[in-house]
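*Asks:* Any chance you can model this:
(one chain, ligands or ions: 1)
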Amino acid sequence: MDTLIVYGGRYGTTERYADELARLLGTAAVPYAAVDDVALVTADVIVYLGAVFAGGVPGLKRTMARLVNVTERIRRFPREDDPVAEASRRPRVIVVTVGLGDPAIPGNAEHLRAVVDGQLPPAVAAHVECFHLRGGIDYAALSPKHRAMMWMMWQHEKRVPEDEWTDDTRMFNETYGGAVDMVDFATLRPVLDAIAGSGDAGADGIMDVGTANDRILDGGPADDGTANDGIAGDETTDDKTTTAEP
Ligand SMILES: Cc1cc2nc3c(=O)[nH]c(=O)nc-3n(C[C@H](O)[C@H](O)[C@H](O)COP(=O)(O)O)c2cc1C
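*Replies:* Purely as a prediction, here's the structure:
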C-alpha cells in the first residue's frame, strides 16, 4: 500500500507530526509545495497534515483541488502512454489538523471538521476521514502578522470572566506571549489505525472522481488560499508558509 504523507504548516509542529508518522510507516513526509501530480494520483492513501490558522489550513485547498483536477483530466481526456494515467488509482484521503484547541472539548471537533470541509472539493469532502491533533506555539517565533492576530484574539479572551473559561481559554490566556508545546506522538495512533484499515475494498474514504465539480475543473487558480473568515488568507498562511514573512 502506497501512503503519501503531505503537510502544510509554518512553525514546525505539523512537520514534526508528519515526520514521525512517515518514520513509523517507513516513508518520508513531503511539504505540500513539493508534491507532484504523479505522487498524488498514484497513492492508495493520502494523509494531509495541516496547521489550523484562524479558519485556514496551509496548502490543503490547493493540494486537494490538484488531486481532483488531475484525476478528472485522466478520466475526461485519456491519452495513450500517459504515465500518470497508467499508475492512477483512487486514493483515500485522511486529513489531520494540528492546532492549539483541544478536540475533546465539545464543539471543537465539529468546528475543525467544518474548517477542513471548507477547503475541500465536494468530491473529496464527501469521503474524507478527519483527525485533530494538538500542536504548540512560540510567540517569539511568530511573524508580525500572526503576532498581531494573536494579540487581537487575546484582547477578546482576556475579557472573558474566569468562571466562564473553557480549558482552551485557560490554556490560551495562561500561555499568551510565551511558548507551549502540546505535540504528543501518541495521538497519532488513531491515524495509524485508519491508515492500516485502508486495505479494504470499498472503504468509505475512496474518492469518487465522477462527482468532481466542474467549477474547479474549468476555473482559474484552483486555490487562492482564501480562508473562510478572510483572516488567514493566502498571504497569511498558505503560499508563504515556507518563505517570507507575510
Ligand atoms: C494567527 C494564528 C491563528 C491560529 N488559529 C488557530 C485556530 O483557529 N485554531 C487552533 O486550534 N489553533 C490555531 N492556531 C494555533 C496553530 O494551529 C498552532 O500553533 C499550530 O501548532 C501551528 O502549526 P505549525 O507549527 O506547523 O505552523 C493559530 C495560530 C496562529 C499563529
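
*Asks:* Met153 - nearest residue in space that isn't next to it in sequence?
*Replies:* Nearest non-adjacent residue to Met153, counting by CB to CB, 6 or more residues apart in numbering: Phe172, 7.4 Å away. No exception for glycine: its C-beta is placed from N, CA and C like everyone else's.

*Asks:* any idea how far the one you found lies from Gly136?
*Replies:* For Phe172, the distance to Gly136 equals 12 Å [CB to CB, to the nearest Å].

*Asks:* Need the overlap of contacts for these two.
*Replies:* Common contacts of Phe172 and Gly136 (CB atoms under 8 Å, 6 or more residues apart in numbering): Leu100.

*Asks:* tell me which element the residue of the chain most remote from its centre is part of?
*Replies:* In the chain, counting by CA atoms, centre = their mean, Glu80 sits farthest out from the average C-alpha position, at 33.9 Å. Assigned by DSSP states H and E, Glu80 belongs to neither a helix nor a strand.

*Asks:* Check what pLDDT it gets.
*Replies:* Note on Glu80: pLDDT of 78.

*Asks:* Get me the contact residues on this protein for the ligand.
*Replies:* Taking CB under 6 Å from any ligand atom, the part of the chain that reaches the ligand is made up of 9-14, 51-54, 98-101, 135-137, 142, 146, 149-150.

*Asks:* Show only the entries of those residues found in helices.
*Replies:* The helices, defined by DSSP state H, take in Thr13, Thr14, His146, Met149, Met150 from those.

*Asks:* Lovely, talk soon.
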